[in-house]
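Colleague: Need coordinates for the following:
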Amino acid sequence: MLSQQLIAATLGSLLLGGGGGSGCRTGQTSEQRGDKPANPTVENQKPPSVELKVLAEGSHSSITNPFIAVVRDTETYAALVKLDGNLPKLAEDFFKTNVLLAAFLGERNTAGYSVEITRIENEQIQIDEKVPAKDAMVSQVITSPFKLLSVPARGTRPLSLLLHGPWRQSLRPYRVTSGDFVMSGGFAGTTKQFGLEGQVWVIHQDNFVTFSFEIFGHEVTEGRSLLGFETAVIKSSGEITILRMTADSLVDSPNSGLKATVAFSEADNNLSLDFRSLPSMIADGYSGTGNIKARIVASAPKP
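Modeller: Numbering: from 1, shown residues only. From the prediction side, this is the model:
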C-alpha cells in the first residue's frame, strides 16, 4: 500500500506546488464581455503537442467567483454557456480533438486584472492572476476577468493544472476513505481488481463542480492512478454527472474514457463517486468500473 507520506508529497507537487512557470503571455485583453480574437492566438508554442489556443478572454463575465472548468463534451459546454451567454460558439466537432479549459477569476474592484495561463514543465498548465502594478492608473470599475483556451485532447489523457491565487484558495480537500476498481478486457480477457486511495479537491460554481483527482491504486507495482481535473454538471433533478472524463491509467489502453456520477452528503462533508467506462466500439479494448468514498479534511493546508 502506498504510504500516506507518499500521497501527501505527490499532492503537494502536482496540485499546490509553487514551481516557477515559463511561457509567453497573450497580447490582447478585451474590455468587452465575451469578446474573442477573430483568429485564436497561440498562448505557448512549445511543444506543439500541448499547444494552447485562446478562444476568448475579457474583463466581464457572469461568473463572478473564482472557478475552473475542464470540458470534454458539448452538453457540459452548453450548460456553461447558459451560465454565461457571451461565451463563444464552438464548432460541432470541437470536442473530437480538443478539451476546453475555462478560468474565471471572480470580481475585482478595478480594471487591470487578468487571467494568465502558461504551459510549464511536465506538460502542466499553470493558471495565475495577473494584477495591475501598484502605481498603475486603472479604471475604477467592477471587473470579472476570464479566459477560455483549447487544449489538444490526445485521447482521454488527464489535464494537469497548477493553480495559484484565488483558485488555489477556493479548493476544498477530501481524503479518500475507501475505493475499489475493476478493469477488464483485451484480447486475453484480462481482469484486474485493486483498491484506491488518495485525495480529491473540489471547487463549486452554481450548477458546476470541478474535481482535481489525486487517486492511486494500492498496488505499487501496477502504478495505476487517476490524476487531473474534470468538471461535472449539477442537473435540476440534483443529479451530478461528469459526462466524459479520462480513465488515466486505471484502465489500460485502448479505452473510451469514463463517466462518473457524484453525490455529496452530510452538508457536503462526504463525497462519493461511481465510475463506469463509456460505451466503446474498440475491438479488444479495455473498460472498468469502480467507486470512491471520501471525507472532507477538517483542517485544510494553507496555500
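
Colleague: any idea how far the closest residue to residue 255 other than its chain neighbours lies from residue 278?
Modeller: Nearest residue to residue 255, sequence neighbours excluded (CB to CB, 6 or more residues apart in numbering): residue 286, at 4.8 Å. Every C-beta, even on glycine, is put in place using the N, C-alpha and C of the backbone. Noted for residue 286: a distance of 12 Å to residue 278, by CB to CB, to the nearest Å.

Colleague: and the residue nearest the centre of the chain, what element?
Modeller: Closest to where the C-alpha atoms of the chain average out (CA atoms, centre = their mean) is residue 229, at 2.7 Å. Using DSSP states H and E, residue 229 sits within strand 225-234.

Colleague: picking that back up, now do the contacts for the residue nearest to the centre of the chain.
Modeller: Going by CB atoms under 8 Å, 6 or more residues apart in numbering, residue 229 touches 68, 70, 158, 159, 160, 161, 210, 211, 212, 213.

Colleague: Looking at the residues you listed, which is nearest residue 142?
Modeller: residue 68 (21.3 Å; CB to CB).

Colleague: Isn't that closest one up against residue 165?
Modeller: No. Contact criterion CB atoms under 8 Å: residue 68 and residue 165 do not qualify, at 11.4 Å.

Colleague: In terms of neighbours, single out the busier of those two.
Modeller: Remark: of residue 68 and residue 165, residue 68 carries more neighbours, 21 against 18, as counted by other CB atoms under 10 Å.

Colleague: Can you name the residues bridging to that one?
Modeller: When bridges are called by DSSP bridges, residue 68 pairs up with residue 103.

Colleague: please renumber so the chain begins at 29
Modeller: Got it, the first residue is 29 from now on, which makes the last one we talked about residue 96.

Colleague: residues contacting it?
Modeller: 129, 130, 131, 132, 155, 189, 191, 195, 231, 238, 257, 259.

Colleague: For the biggest strand by length in the chain, buried residues please.
Modeller: Among the segments of the chain that qualify as a strand by DSSP state E, the longest is strand 218-233. Neighbour-count burial for strand 218-233, with 16 or more other CB atoms under 10 Å as criterion, is recorded at 220, 222, 223, 224, 225, 226, 227, 228, 229, 230, 231, 233.
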